[in-house]
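**Q** give me a 3D structure for the following:
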Amino acid sequence: MKEKKLQTNENIKPKSELVHFSWGGRTQEWEEEADQIMNFFQDQLDEREPTKEKERKISYGKQKHYW
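**A** Numbering: from 1, shown residues only. This is a model prediction of the structure:
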């Protein structure tokens, strides 16, 4: 069976750094706040990604693709 990796407190950002949704406002403002939160979570995932995996993705992106 696969073992689950435990998260350490080092990888978890405090709630004070998160962008909070505000009540009221326009849809455009909500979209901006949602985009900021999504970017925040994506940054956390990118930090966890191993260096070898990043190098593999970069090398794949540099290859010429003929679609």
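**Q** quick one: average pLDDT of the one helix or strand residue 58 maps to?
**A** According to DSSP states H and E, residue 58 maps onto helix 51-62. Mean per-residue pLDDT for helix 51-62: 92.
**Q** output it as PDB, nothing but the C-alphas.
**A** The C-alpha trace of helix 51-62 is given here as PDB (Å, rounded to 0.1, in the frame of the first residue of the first chain):
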ATOM      1  CA  THR A  51      13.400  19.700  -8.200                       C
ATOM      2  CA  LYS A  52      13.800  16.700 -10.500                       C
ATOM      3  CA  GLU A  53      10.100  16.900 -11.500                       C
ATOM      4  CA  LYS A  54      10.500  20.700 -12.300                       C
ATOM      5  CA  GLU A  55      13.600  20.000 -14.400                       C
ATOM      6  CA  ARG A  56      11.600  17.300 -16.300                       C
ATOM      7  CA  LYS A  57       8.800  19.700 -17.000                       C
ATOM      8  CA  ILE A  58      11.200  22.400 -18.200                       C
ATOM      9  CA  SER A  59      13.000  20.000 -20.500                       C
ATOM     10  CA  TYR A  60       9.700  18.900 -22.000                       C
ATOM     11  CA  GLY A  61       8.700  22.500 -22.500                       C
ATOM     12  CA  LYS A  62      11.900  23.300 -24.400                       C
END
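**Q** that helix packs against which elements?
**A** Using 3 or more CB pairs under 8 Å, 6 or more residues apart in numbering; DSSP states H and E as the contact test, no helix or strand touches helix 51-62. Backbone N, C-alpha and C define where each C-beta goes, glycine included.
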